[in-house]
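> Need a 3D model of the following:
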Amino acid sequence: MKGVRAAAAILVVALVWGCNWPVLKMGVAELAPLTFRTVTLPFAALVMLLVAKLRGDDILIPREFWPRLLALSFFNIALWNGFVLFGVQQLPAGRSAILAYTMPVWATGIAALVLHETVSPRKLVGLVLGAAGMAVLLGEQIVAVRRAPYGALLIIIAAISWAYGTVLLRKWRPTIPQNALSGWMLLLGWIPLAIAAPFFDPQPLVAEFAQLSARGWFSVVYNIFLAGTLANLAWFMMARTMPVAVSSLSSLPVPIVGVISGMILLGERPGLQEWVALGLVLAALFTVLFDPRRNAAARRR
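Numbering: from 1, shown residues only. Modelled structure (predicted):
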């Protein structure tokens, strides 16, 4: 049952967050980046908290956990969203996804230092295969990245921040129900973005929304209910219950979906490199997640 639940979570994250890269690019083409997130994050947070309440979960946060909750919100939500939104404005959606999902490499290294997690030969092979897949995709795009070095740098900083937040989540192992924890993280991570938004967006919010097209509205709704709520619940469930190397590598299909959905929705044209990378990423997932000895031990128990 745990294996089925993990597979379902991986599928949700891959499809919803992968498709969100071109959807996000459509959104920030019509709304200023921080304004876009200022609008979508609190609604996603409130939906999560409502779900937690309807399930009968306690949504109150113990006083002693607040400092850790603030740190988790800052690294997983505020920094990640802030840097990604400005980066994706300058790069194509598929390439942005590729750079952002260098996160597993950063997370595994940080976990080895912070959590003293052993990087087994099997995990190391998976990391190498996953990194090779991303390198293949990025290789063709070096010229494009050079044209927008700041965009690439912003997204890499976002990836490192998310990696560190994922390691902290695993280190502290909060006992707070998942829906409540995710809702509070989104809500608290929204606050610094909302404070910064007026300084980066001189146009009034009402005026921007009056000009939104159907594509813009679709991007907003998608980021509230799917990317903001459903995929976050699936990701944070994996982040707290799986080893960092495994949960991080489980996100590797996202850039593949991002490239393909960018082709479909925005007309971006992937080539042979994308298909080679897809094979490498799938091999990485198989290497890390399907350990015959671990599965045999689970069946014996």
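
> make it CA atoms for all contacts and neighbour counts henceforth
Will do.

> all helices for the stretch 51-200 of the chain, in order.
For the stretch 51-200 of the chain, the helices identified by DSSP state H, counting those that start in this stretch occupy 66-73, 80-90, 93-100, 103-114, 121-139, 142-147, 149-172, 178-200, in order along the chain.

> And for T175, the neighbour number?
Residue neighbour count, defined by other Cα atoms under 10 Å, stands at 9 for T175.

> try P62
Once other Cα under 10 Å is used to define contacts, P62 is seen to have 9 neighbours.

> Give me the contact list for stretch 252-262.
Surrounding stretch 252-262, the residues in contact under the criterion Cα atoms under 8 Å, 6 or more residues apart in numbering are 13-15, 17-22, 93-95, 97-98, 101, 104, 130, 268, 270, 274, 277-278, 281-282, 285.

> Now mean pLDDT too, for the helices of the stretch 51-200 of the chain, in JSON lines please.
Written out in JSON lines, the entries for the helices of the stretch 51-200 of the chain read as follows (pLDDT from 0 to 100):
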{"stretch": "helix 66-73", "mean pLDDT": "96"}
{"stretch": "helix 80-90", "mean pLDDT": "91"}
{"stretch": "helix 93-100", "mean pLDDT": "83"}
{"stretch": "helix 103-114", "mean pLDDT": "83"}
{"stretch": "helix 121-139", "mean pLDDT": "76"}
{"stretch": "helix 142-147", "mean pLDDT": "56"}
{"stretch": "helix 149-172", "mean pLDDT": "89"}
{"stretch": "helix 178-200", "mean pLDDT": "92"}
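
> ranking those by burial, who's on top?
Ranked by mean neighbour count under mean count of other Cα atoms under 10 Å, these are led by helix 93-100, which reaches a mean of 27.

> my read: A132 touches A283, true?
No - contact criterion Cα atoms under 8 Å: A132 and A283 do not qualify, at 10.7 Å.

> Compute the inter-axis angle for whatever helix or strand V28 lives in and helix 93-100.
Element membership for V28, per DSSP states H and E: helix 18-30. With axes from the mean of the first three to the mean of the last three Cα atoms, to 10 degrees applied, the angle from helix 18-30 to helix 93-100 works out at 110 degrees.

> So which elements touch helix 18-30?
Judged by 3 or more Cα pairs under 8 Å, 6 or more residues apart in numbering; DSSP states H and E, helix 18-30 is in contact with helix 80-90, helix 93-100, helix 214-225, helix 253-266.

> Could you pull up the mean pLDDT of the last one?
Yep, that's helix 253-266 we're talking about. This predicted structure assigns helix 253-266 an average pLDDT of 87.

> Tell me which other helices or strands the very next helix or strand once past it touches.
Helices and strands here follow DSSP H and E; after helix 253-266, the next one along the chain is helix 272-289. Under the contact criterion of 3+ Cα pairs under 8 Å, 6+ apart, the helices and strands touching helix 272-289 comprise helix 121-139, helix 244-249, helix 253-266.

> again, only using 7 Å
Using 3 or more Cα pairs under 7 Å, 6 or more residues apart in numbering; DSSP states H and E as the contact definition, the elements that helix 272-289 packs against are helix 121-139, helix 244-249.

> re earlier: any of the contacts of stretch 252-262 buried? List them.
Using 16 or more other Cα atoms under 10 Å as the burial test, the contacts of stretch 252-262 include 13-15, 17-22, 93-95, 97-98, 101, 104, 130, 268, 274, 277-278, 281-282, 285 as buried.
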